[in-house]
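Q: Kindly return the folded structure for what I paste below:
(chains A, B, C and D)
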There are 2 protein chains.
Amino acid sequence: MSKGQQTRATIVSEAMRAASVEGFQGISIGMLAERLKMSKSGLFAHFGSKEELEKAVLDEAADRFAAMVWQPALQAPRGRPRIEALFHNMLDWMLHNRDLPGGCIFMALSVEMDDKPGPVRDDLAEMQTRWQATVARSAQIAVQEGHFRADLDPRQFAFDMQGIMMAMSYYRRLLKDPSAVQRAEAAFADLLARSAAAPAAIETAPLRSL
Amino acid sequence: MSKGQQTRATIVSEAMRAASVEGFQGISIGMLAERLKMSKSGLFAHFGSKEELEKAVLDEAADRFAAMVWQPALQAPRGRPRIEALFHNMLDWMLHNRDLPGGCIFMALSVEMDDKPGPVRDDLAEMQTRWQATVARSAQIAVQEGHFRADLDPRQFAFDMQGIMMAMSYYRRLLKDPSAVQRAEAAFADLLARSAAAPAAIETAPLRSL
DNA sequence: TGACTTACAGAACGACCGTTCGTATTTTGA
DNA sequence: TCAAAATACGAACGGTCGTTCTGTAAGTCA
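A: Numbers count the residues shown, from 1 in each chain, chains lettered A, B, ... in the order given. Okay, here's the model as predicted:
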């Protein structure tokens, strides 16, 4: 890796870290230059515009998400085990990730960019649409494997799981509720239970009438 | 209402509208002054600082939320009907509110401010904590009324409902998924069904084995 | 109506924004 | 090793930011 590529990678990492906390609106070329002890113009030259820097951050985040969340989940057996791996990998991504001190950068950017037309928003929306489709497909596989009920709506499953993640982030980051993670785990356990195929449903049914 | 109070109210309304789209970071005194056709300094004098303006916006949003979501729900009978009213009033708040073209301002600010210490963050967090407690209390009432199962965790109910709202906003605003609202309604219907007291649980059980 | 208070405008402040340009320095490959 | 290419710097640009001041117009109320 050439010197330039190396510097660029450092910049993108630092920008990603900062953007997870402050959003794209909250980061500036000058601030990044100061943190990395280099000149504004020198840093700027690597991208040519702030928008290009934002795109680079988005791509980097997508790569890391794939490496930390999706690819490890592929090692788990198809079906329910893979779904559970996805969930726990996402928790790790959101909670124990020193490169994202501000939590999941996609959640921060999703809210920030949803009303800002442009290529950055387009990239983000496409990534997120693809991710929801990926989760849905994983749920569909769990149906095929006989782990989930045949009439499960896989897209609804993805929607529900997204809600759990977002609520956890909200409880933890804004409300500073120490039970955020355990509430998310409880919600996910319930989602799994009601998605399960008939035999598992019998196991959980008595719990409802306790 | 004096001239000053009237102008101030107009400014706060416009600031709220803008902040729902761009967040507090995205609004500026100059931009508001231009939209309202008045001078920066004249507008500024009503607040003394941008932070005070942000606090005023937050208070105004809280008042409107109470008037549009909470107070009408109090007209509904205690228990499950009131919970359903809360849900639908929140949908109206998020979807059919011309004063919030950027969607629920609390969701936008929750993500933007969660890492920004200061009085604005404190106000917002306190509001949102109180709101979650209010939802939980409403669920608790539904338990007392015999509408929800006795072993329901009301705080978990509030968590789950928050997740549904956030996922809906995400699907609708970022992904532009036209099924966002109906997915939220489906998720809420399921949440109600699995929260319901025993007799209702028997009704929904066969659906799972279809 | 007249005195008084409030509300607004205008100009300017230093700070920072993204960006451009010309120049120096360092890295690279033959 | 040496020239070409890549990389970084420093200074400056026009703009916008939140904020402060001073003067004036408008509203308020006896």
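
Q: Can you classify whichever residue of chain A sits closest to DNA strand D by secondary structure?
A: Chain A approaches DNA strand D most closely through A:G4 (2.1 Å), counting by CB to the nearest atom of the strand. For every residue, glycine as well, the C-beta is placed using N, CA and C. Using DSSP: H, G, I helix; E, B strand; the rest coil, the structure places A:G4 in helix.

Q: touching chain B at all, whichever helix or strand A:S169 is part of?
A: A:S169 is part of helix A:154-169, with elements assigned from DSSP states H and E. Yes - between helix A:154-169 and chain B, judged by CB under 8 Å from any CB of the partner chain, the touching residues are A:R155, A:Q156, A:F159, A:D160, A:Q162, A:G163, A:I164, A:M165, A:M166, A:A167.

Q: Make TSV from the residues you listed and add distance to B:F188 to it.
A: Formatted as TSV, the residues of helix A:154-169 next to chain B follow (distance: CB to CB, whole Å):
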residue	distance to B:F188
A:R155	16
A:Q156	12
A:F159	11
A:D160	11
A:Q162	15
A:G163	10
A:I164	14
A:M165	18
A:M166	15
A:A167	13
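
Q: Quick check on A:P178: phi, psi?
A: Per-residue torsions, A:P178: phi -70, psi -10 (degrees, to the nearest 10).

Q: Check the burial of it by counting its neighbours.
A: For A:P178, the neighbour count with other CB atoms under 10 Å in any protein chain shown is 9.

Q: same check, this time on A:A9
A: A:A9 sits with 14 neighbouring residues when counted by other CB under 10 Å.

Q: I'd assumed it was in a strand, is it?
A: No - looking at A:A9 with three-state DSSP, it is helix, so not inside a strand.

Q: got a list of what it touches?
A: A:M1 (CB atoms under 8 Å, 6 or more residues apart in numbering or on different chains).

Q: For it, give its distance to A:P101.
A: Distance from A:A9 to A:P101, counting by CB to CB, to the nearest Å: 18 Å.

Q: Equivalent analysis for A:D122, please.
A: According to CB to CB, A:D122 and A:P101 sit 27 Å apart.

Q: How about the residues of chain A by DNA strand D?
A: Neighbours of DNA strand D within chain A, by CB under 7 Å from any atom of the strand: A:2-5, A:7, A:37-43, A:45-46.

Q: Would you mind putting the residues you listed into JSON lines with neighbour count and distance to A:A187 alongside?
A: Below are those laid out as JSON lines (neighbours: other CB atoms under 10 Å in any protein chain shown; distance: CB to CB, whole Å):
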{"residue": "A:S2", "neighbour count": "7", "distance to A:A187": "47"}
{"residue": "A:K3", "neighbour count": "7", "distance to A:A187": "48"}
{"residue": "A:G4", "neighbour count": "10", "distance to A:A187": "46"}
{"residue": "A:Q5", "neighbour count": "10", "distance to A:A187": "42"}
{"residue": "A:T7", "neighbour count": "17", "distance to A:A187": "43"}
{"residue": "A:K37", "neighbour count": "6", "distance to A:A187": "44"}
{"residue": "A:M38", "neighbour count": "15", "distance to A:A187": "45"}
{"residue": "A:S39", "neighbour count": "13", "distance to A:A187": "48"}
{"residue": "A:K40", "neighbour count": "14", "distance to A:A187": "45"}
{"residue": "A:S41", "neighbour count": "9", "distance to A:A187": "49"}
{"residue": "A:G42", "neighbour count": "12", "distance to A:A187": "47"}
{"residue": "A:L43", "neighbour count": "23", "distance to A:A187": "42"}
{"residue": "A:A45", "neighbour count": "12", "distance to A:A187": "47"}
{"residue": "A:H46", "neighbour count": "18", "distance to A:A187": "42"}
